[in-house]
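A.B. asks: sequence and predicted structure, then a few things I'm wondering about:
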Amino acid sequence: MTGDTQRLDEAFLGMRPSLYRAILRIVRDASEAEELTHDAYLRARRALEQGTPGNVEGFLWQTARNLALDHLRRRKVRSLHEERDFDAADAVVADPQPSIEDQAIQRDMVQAFNRALLTLPPRARSAWCLNRLEGLAYPEIAKRLGVSPNTVFNDMKMAMAVLLEIRERMDR
């Protein structure tokens, strides 16, 4: 080990904790700060091969600071490109409108449900409409129809069974 390398190693070992903290203040990420601290040492070591810097400690400080700032710049550029890529991805999103086939299927389903609802007894049909279309709870429906909540429950169970059977038939 040459005298310059030994001087760099000793300087780095003494400065390592403060270099790490300084880099951490800039990048605000512990793992990145650790990696950049190590990179600062490696850069300084490579610089020794090309000639001895006059002030090894100053050179380490400046290298660490430059690496941290370069890291921030790369992060900013990367985030700009990632946002742009994300915006471009939004531009090619499929049309949110259902396809013609889906619209036809939905129209057929609505017609089948309407026909099925007409086959229900009037009270069950009213209970289903009050619950699903007007959003009323079973006790409120019971009050409106003048029946017990259990009767509303049974009417809803019957209506849902009929509609579920229609849906299963259409799915086949």
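C.D. replies: Received it, and whenever you're ready, just let me know what you need.

A.B. asks: just checking, what packs against the helix or strand bottoming out on mean pLDDT in the chain?
C.D. replies: The helix or strand of the chain with the poorest confidence is helix 56-91; it has a mean of 80 (mean pLDDT, DSSP states H and E). Helices and strands touching helix 56-91, by 3 or more C-beta pairs under 8 Å, 6 or more residues apart in numbering; DSSP states H and E, are helix 3-27, helix 30-50. Placement of C-beta: from N, CA and C, glycine included.

A.B. asks: what's in contact with the shortest one?
C.D. replies: Taking C-beta atoms under 8 Å, 6 or more residues apart in numbering as the criterion, the residues outside helix 30-50 that touch it are 2, 4-5, 8, 12, 16, 19-20, 23-24, 27, 53, 56, 59-60, 63-64, 67-68, 71.

A.B. asks: who's in contact with stretch 20-28?
C.D. replies: Counting by C-beta under 8 Å, 6+ apart, 30, 32-34, 36-37, 40, 61, 64-65, 67-69, 71-72 sit against stretch 20-28.

A.B. asks: just the buried members of the contacts of helix 30-50?
C.D. replies: Buried subset of the contacts of helix 30-50 (neighbour count, 16 or more other C-beta atoms under 10 Å): 8, 12, 16, 19-20, 23-24, 27, 53, 56, 59-60, 63-64, 67-68, 71.

A.B. asks: low-confidence bits of the chain, can you list those?
C.D. replies: 1, 83-95 (pLDDT under 70).

A.B. asks: try it again at 90.
C.D. replies: Low-confidence segments of the chain (pLDDT under 90): 1-13, 41-59, 75-120, 128-129, 132-135, 159-172.

A.B. asks: contacts for stretch 129-149?
C.D. replies: The contact list for stretch 129-149, computed with C-beta under 8 Å, 6+ apart, reads Leu117, Arg123, Ser126, Ala127, Thr151, Val152, Phe153, Met156.

A.B. asks: the first one: helix or strand, and which one exactly?
C.D. replies: The one in question is Leu117. helix 100-119 (DSSP states H and E).

A.B. asks: elements contacting that helix?
C.D. replies: Helix 100-119 sits against helix 122-128, helix 149-171, with contacts defined as 3+ C-beta pairs under 8 Å, 6+ apart.

A.B. asks: of all those helices, which one is nearest Arg78?
C.D. replies: Among the helices and strands packed on helix 100-119, the nearest to Arg78 by C-beta to C-beta is helix 149-171 (46.2 Å).
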